[in-house]
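K.L.:
next one to model:
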Amino acid sequence: MSPMHNNTPTTPDRRLGAFLKVTHVLLLIFLAGGLLLVVPAFAQSTEAANTKTGSILGTVVDISDDPILGATVVLQGSAGDRLTEVTNEYGSFAFHHVTAGVACQITVTAEGFAEWTSSIAVEPGQEKTLADVKLRILTVQRAVTVSYSEKEVAAQQFKAEEQQRVLRFVPNLYVTYEPHPEPLTTGMKFHLAYKSLTNPVFFGRVAGWAGVEQAADTPGQWRQGAKGYGKRLGAGFADATTGGLIGNAILPSLLHQDPRYFYEGTGTKKSRALHAILATVICKGDNGATQPNYSALGGSLISYSISTAYYPSSDRNAEHVFRGFGIDMGLHVAGSLAQEFILDKFTSKGKH
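P.N.:
As a prediction, the model looks like this:
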């Protein structure tokens, strides 16, 4: 009879298996107990957090109620804390865990739209929804700079001055009624002189002055009669032409001075009279500055100096030059006073 082998585990093996089973059971009991403790604690902490904070939700739209994607929403707290959100394709945004009971400033900005801002506060656990976040299209204000050419404005003013007439037929070219006139160009100065010296009124004035000299028999060497009147008429045309060209065109162009009379029209009669009298010796430069009227003074002296070449030998002296210069300046003063107080009432002013 063969021997029998016993397959039953030994006592130590049974003890080890029992220990492992007990350990496994204890571990399961420990984990279950931990879960029972942690879950209520977590719920309690969450509930406590919710009692101290709230949520702010909203949707950003335009005036057509279309959602605005990419708008920046900033929530600024009183303590300096700052939260930022960007709206999604539906225009929505959300701020969670916002401190309850604290006033916050919410600002919404988007490119092309005016800024939207409001104050807001939430109660503990409250979920507040903003339903009126509507952005208006930003009004674009463009600064338009209007530039102009001084020459163009001067040309328009000059055209108006060319149309100025006393009693509708006597040219009144050498006066400007503009409060801020542009300076004349060289071409305009010569054109004014040409218009003044070729107008029929100019010929009538020279002819009339020659008649006055004929009646006074000056110069005496030319005597009376048609021949004497012809000489006086020719000398008068020469005097007026040289004086007009030199005093109103050549020297003003070279010296950059304005040959026109600047009508004042305001102030006391005394101040206006003084302005008219001083216009004989004081003028405006092309740069707008006040300066001595070298053009009028020099034009008269040069013109009468030239006249000694065609006047009788008895008048070819300094006395003739300064006598004519004095008469010319006196007529200049009288003309300026007439411009300031009389002629403006009878002058038809051109439009530009």
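K.L.:
which residues sit against stretch 127-142?
P.N.:
Residues outside stretch 127-142 that contact it (CB atoms under 8 Å, 6 or more residues apart in numbering) are 54-63, 65, 68, 71, 106, 108, 110, 112-114, 116, 118, 120, 122. C-betas here are computed from N, CA, C, even on glycine.
K.L.:
show residues contacting stretch 198-213.
P.N.:
F169, V170, P171, S196, P219, Y229, R232, L233, A235, G236, F237, A240.
K.L.:
can you select the buried ones from those residues in PyMOL?
P.N.:
Restricted to buried positions by 16 or more other CB atoms under 10 Å, the PyMOL selection for the contacts of stretch 198-213 reads:
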select buried, resi 171+196+219+229+232+233+235+236+237+240
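K.L.:
and which of the contacts of stretch 198-213 is nearest to F346?
P.N.:
V170 (8.8 Å; CB to CB).
K.L.:
quick check: bridge partners of that closest one?
P.N.:
V166 (DSSP bridges).
K.L.:
E89 and L69 touch, don't they?
P.N.:
Yes: with contact defined as CB atoms under 8 Å, E89 reaches L69; the gap is 5.2 Å.
K.L.:
okay, the two: which has more neighbours?
P.N.:
Using other CB atoms under 10 Å as the criterion, E89 and L69 rank with L69 on top: 14 against 9.
K.L.:
that one and Q126: what is the separation?
P.N.:
27 Å (CB to CB, to the nearest Å).
K.L.:
again with T242
P.N.:
Per CB to CB, T242 is found 99 Å from Q126.
K.L.:
between these two, which one's more packed in?
P.N.:
Regarding T242 and Q126, a neighbour count based on other CB under 10 Å identifies T242 as having more, with 19 against 14.
K.L.:
where does the residue nearest to that one when sequence neighbours are not counted land on pLDDT?
P.N.:
With sequence-adjacent residues excluded and distances taken as CB to CB, 6 or more residues apart in numbering, T242 is closest to S303, at 4.3 Å. Note on S303: pLDDT of 95.
K.L.:
helices of this protein, residue ranges please.
P.N.:
11-50, 150-162, 186-197, 200-216, 225-245, 251-255, 269-278, 294-307, 318-338, 344-346 (DSSP state H).
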